[in-house]
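Peer 1: give the three-dimensional model of this entry:
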Amino acid sequence: MAYASFFDLDGTLVKKDKWLMTNFSRHLFSKGILPKASLAEIEKIKELYFKNKISYREMALSLPEVYSVALKGVKVDNIEKEAKNFVNENVIVGYFYPFTEGLTKLMKNHGITIGISGAPKEVVSNIGTHLKFDLFFGTEVEEKNGIYTGKLKQNLIIRETKEEVLGKIVKEENIDLKNSYAFGDTEQDEPMLSNVGNPVAINPNQELLNIAQRNGWMTFYIDDNVIGEMTKKLSV
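Peer 2: Just a heads-up that it's a prediction; the model follows:
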């Protein structure tokens, strides 16, 4: 059986104020691909969440729907091209936490590394390639004949989909969950974290922090020596 490390991206490896779906939407708007009205709706949802007018769960359900509709009729090739530009020009140079690349490199010594993120799959693919993940999965918009239909195919922000994808990976890759790790920052990552023997909460929101404290999970914040502590953990 294989050991694995499962990683969420937003808030876990990518700074909380650099949400990938919203910032990629801004990038697409700047390129004339995403309509102004769609970007305004996406920004409104984000603002409502930060003002505590809606829950993280409500945000997680609505944001990908708006994003998907905005891409109706757009060529897949165009989004893939812009996703690569966005990651190279923005994410790699300014979105990661100081420990991100060191942590993912460290965990490759323990087995395969897997990204499971609510960010658009085209963005996740480029980040995953940069971080040398063995597998990576993101939110998907349905496509037909190289064109997006505007329908949401897979929302990987929410817990149910993350658990479903996790189950498929475990079966296909023959993962030893007891000796595997998972890293996340919100309660929507809880199914991923609770299924492994070594769950790690990074920069957790209050809901996940409550869960982590009840279960005695390792918890880190951005000023902690994440790599040093994880190196100790792996050497035990």
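Peer 1: may I have stretch 15-27 as CSV, with CA atoms only?
Peer 2: The C-alpha trace of stretch 15-27 is given here as CSV (Å, rounded to 0.1, in the frame of the first residue of the first chain):
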residue,chain,number,x,y,z
LYS,A,15,-2.5,32.8,1.4
LYS,A,16,-6.0,33.3,2.7
ASP,A,17,-6.3,36.7,1.0
LYS,A,18,-5.4,35.3,-2.4
TRP,A,19,-8.4,33.1,-3.1
LEU,A,20,-7.6,31.4,-6.4
MET,A,21,-11.1,31.4,-7.9
THR,A,22,-11.8,35.0,-7.2
ASN,A,23,-8.3,36.2,-8.3
PHE,A,24,-8.4,34.1,-11.4
SER,A,25,-11.8,35.6,-12.2
ARG,A,26,-10.2,39.0,-11.9
HIS,A,27,-7.4,37.9,-14.3
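Peer 1: could I get the buried residue list for it?
Peer 2: Lys15, Lys18, Trp19, Leu20, Met21, Thr22, Asn23, Phe24, Ser25, His27 (16 or more other C-beta atoms under 10 Å). To be clear about C-beta, it is placed using only N, CA and C from the backbone, and glycine gets the same treatment.
Peer 1: so what's the fifth one up against?
Peer 2: The one in question is Met21. Contacts of Met21 were listed using C-beta atoms under 8 Å, 6 or more residues apart in numbering, and they are Asp10, Ile42, Leu63, Pro64, Tyr67, Gly118, Ala119, Pro120, Val123, Thr139.
Peer 1: again, only this time at 10 Å
Peer 2: Residues near Met21 by C-beta atoms under 10 Å, 6 or more residues apart in numbering: 10, 42, 46, 63-64, 66-67, 117-120, 123, 138-139, 157.
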